[in-house]
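# Have a look at this fold, sequence not included:
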């Protein structure tokens, strides 16, 4: 009898302990691993666009020297060469629409800078070439979305640009703004060039490369960063001041 009571008490004690015990470590570890994997996946997803153009350390997520290695891809290569060719006349026509003597000899604090340096004598071919480029490139990406790594972003950008450039077409006094905005295609050209002409992903400052390759990689990298900093980080923020001034002027005219 005593043995039966003792066995029953022992079973109840073990059952109570099993119910109050903490989760098994392997389950917690599994959950933690799954959570960590999800977090890591999300982290990689956030950096996916950056990884298209820069080498990223997977552990520290820091930038490394050089550019990503690109394997042969006919669709992407054809699209890259199309951009390298077609962007040239757009850039040249944009340059020819500015009076560079006024632009280079005037201070950015000059009243009306840089509007005063825009003459727009070649605006018609500049506008036509730009429109055709964005239409053709938009159709290209729609039909062959795998030719770029972010087709949705490219499509949205091209549609927004095509809508935007109708403003300078209908309002000639803001045609200069299209010239300023389209100057970013200089940086776009070098962005594509550093991928096309350095498929092996060589760091630009590595010593010991063949002279021709070394000069080409260094020159493209220097021009890319100068245009990226100069246009995207300096000119675009600065030009917002002129946009605000124009908006206030237009608002004043409407009120009067």
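Arrived safely. What you see is a predicted model, and the numbers here were worked out from it, not measured in a lab.

# Dihedrals phi and psi, residue 118?
phi -90, psi 120 (degrees, to the nearest 10).

# hang on, it packs against residue 183?
No: at 11.8 Å, residue 118 does not count as touching residue 183 under the criterion of Cβ atoms under 8 Å. Quick note: C-beta positions are derived from backbone N, CA and C, even for glycine.

# show me where this structure has strands.
Here the chain has its strands, by DSSP state E, at 55-56, 63-64.

# Lowest average pLDDT across those?
Comparing these by mean pLDDT, the weakest confidence falls on strand 63-64, with a mean of 63.

# Distance-wise, check residue 147 relative to residue 140.
Applying Cβ to Cβ, to the nearest Å, the value for residue 147 to residue 140 is 7 Å.

# which neighbours do the two share?
residue 79 (Cβ atoms under 8 Å, 6 or more residues apart in numbering).

# any weak-confidence spans in the stretch 151-256 of the chain?
207, 251-256 (pLDDT under 70).

# all helices in it, in order from the N-terminus.
Remark: helices assigned in the stretch 151-256 of the chain by DSSP state H, counting those that start in this stretch are 151-164, 166-170, 175-182, 184-196, 211-227, 236-255.

# Assess the claim that residue 231 and residue 189 are in contact.
No: using Cβ under 8 Å, residue 231 is not in contact with residue 189; the gap is 11.5 Å.

# which residues are common contacts for these two?
By Cβ under 8 Å, 6+ apart, no residue touches both residue 231 and residue 189.

# Neighbours of residue 81, how many?
12 (other Cβ atoms under 10 Å).

# The nearest residue to it once chain neighbours are set aside: neighbouring residues, count only.
Once flanking residues are discounted, residue 81 sits nearest to residue 196: 7.3 Å by Cβ to Cβ, 6 or more residues apart in numbering. Neighbourhood size, residue 196 [other Cβ under 10 Å]: 15.

# who touches residue 196 in this structure?
77, 80, 81, 84.

# So which of those wins on neighbours?
That'd be residue 80 among these, by other Cβ under 10 Å, with 18 neighbours.

# Check that residue and give its pLDDT.
At residue 80, pLDDT is 95.

# Please apply the same query to the one 5 residues further on.
We note a pLDDT of 97 for residue 85 in this prediction.

# Spit out the contact partners of the nearest residue to residue 182 once chain neighbours are set aside.
Counting by Cβ to Cβ, 6+ apart, residue 182 lies nearest to residue 94, which is 5.3 Å off, once chain neighbours are set aside. The contact partners of residue 94, by Cβ under 8 Å, 6+ apart, come to 126, 179, 182, 183, 185.

# Count the neighbours of the third one for me.
Neighbour count of residue 182, defined by other Cβ under 10 Å: 22.
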